[in-house]
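S.K.: Got a predicted model here, sequence first, then my questions.
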Amino acid sequence: MSVVVDSLTKIYQSQKALDEVSFEAPKGSITGFLGPNGAGKSTTMKIATGYISATSGTILVKGIDVSSEPLQVKKITGYLPEHNPLYLDMYVKQYLGFVASAYGQKDVRKRVGEMVELCGLEAEQTKKIRALSKGYRQRVGLAQALIHDPEVLILDEPTSGLDPNQLVEIREVIKSVSSEKTVILSTHIMQEVEALCDKVVIIDKGKIVADDKVQHLKDERREMKSYTVEFEEEINVELFEREGLEIKPSGSNKYAIGGEEDPRKIIMKVAGEHSLPLINVSKNEQSLENVFQELTKR
């Protein structure tokens, strides 16, 4: 494995931000790293890139311990943080040249040109970063993360602020470079994970709650809340819970109802016995978003 996280713990005073976090990210694949706000995603990424230290546990990047050799890890790691720090008064090409020089690139001009083309910055390359939209600033951030051709790429919300067309373009960039690199991608966009990621790790309250291939996760929880039922008015959910069904509000007088077996007969039975006027019963297609919500419900 290219990145191995083992029993990682981070404590801020009395708060445990990470609690024995362990997972692996293989080479040549994209690992989605998901979780609600405050779950510990960014903290894990900052430790993995050597920006902050762990309280205990280890992260090995290509066999190198981040805690003991952070500079070596930074040489082979590209990092785009959630809050993209850029030198706003520098021009795009100037900034990328500065980053390339800092990494000791031999042909700086050539490498900057390659990154400008790869990240779609041709029209913006002579502008000051301050003048760029948020979407183009994200592109510049991705370019600086890739400019030294890192073996490991860690991206925290890389498509934040992009319009739909830019989303597709940046996804293609990430996909194209992933075959030869280890990519860890944090995002809140579930469609992005399904489109890009080979496996997914879900963290909640500092603990790993899932670690598997995307399709496996969806298959394992196929029966979860499989029907959305709409009534004319608000109902007493206990009527369905007494029958062994899972029920959760999902909108105005709408409820997600499911069970290990097809719940429709029980839904009709309860509705008939208690004179609950039904408007609609529709089957929910399983999605990663459903799985995420179920695993991180609070």
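M.R.: It's in.
S.K.: Tell me which stretches of the stretch 151-298 of the chain form strands.
M.R.: 152-156, 182-186, 199-204, 207-213, 227-231, 246-251, 254-258, 278-283 (DSSP state E, counting those that start in this stretch).
S.K.: Just name the most buried of those.
M.R.: strand 182-186 (a mean of 26; mean count of other CB atoms under 10 Å). Heads up, the C-betas are built off the backbone N, CA and C, glycines and all.
S.K.: tilt between that strand and strand 152-156?
M.R.: Using axes from the mean of the first three to the mean of the last three CA atoms, to 10 degrees, the inter-axis angle of strand 182-186 relative to strand 152-156 is 10 degrees.
S.K.: May I see the strands of the stretch 151-298 of the chain arranged in CSV, with mean pLDDT and distance to Ser101 as well?
M.R.: Below are these laid out as CSV (pLDDT from 0 to 100; distance: least, CB to CB, whole Å):
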stretch, mean pLDDT, distance to Ser101
strand 152-156, 94, 20
strand 182-186, 94, 25
strand 199-204, 94, 35
strand 207-213, 93, 39
strand 227-231, 90, 56
strand 246-251, 86, 53
strand 254-258, 88, 54
strand 278-283, 88, 57
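S.K.: who wins for proximity to Pro26 among those strands?
M.R.: Each of those has some distance to Pro26 by CB to CB; the shortest is strand 182-186, at 6.8 Å.
S.K.: Give me the contacts around that closest one.
M.R.: In this structure, residues lying in contact with strand 182-186 by CB atoms under 8 Å, 6 or more residues apart in numbering are 2-3, 25-34, 41-42, 45, 48, 82, 151-158, 174, 177, 192-193, 196-197.
S.K.: just the buried members of the residues you listed?
M.R.: By neighbour count, with 16 or more other CB atoms under 10 Å, the contacts of strand 182-186 hold 2-3, 25, 27, 29-34, 41-42, 45, 48, 151-158, 174, 177, 192-193, 196-197 as buried.
S.K.: hmm, back to that, among the strands of the stretch 151-298 of the chain, which is nearest Val99?
M.R.: strand 152-156 (14.6 Å).
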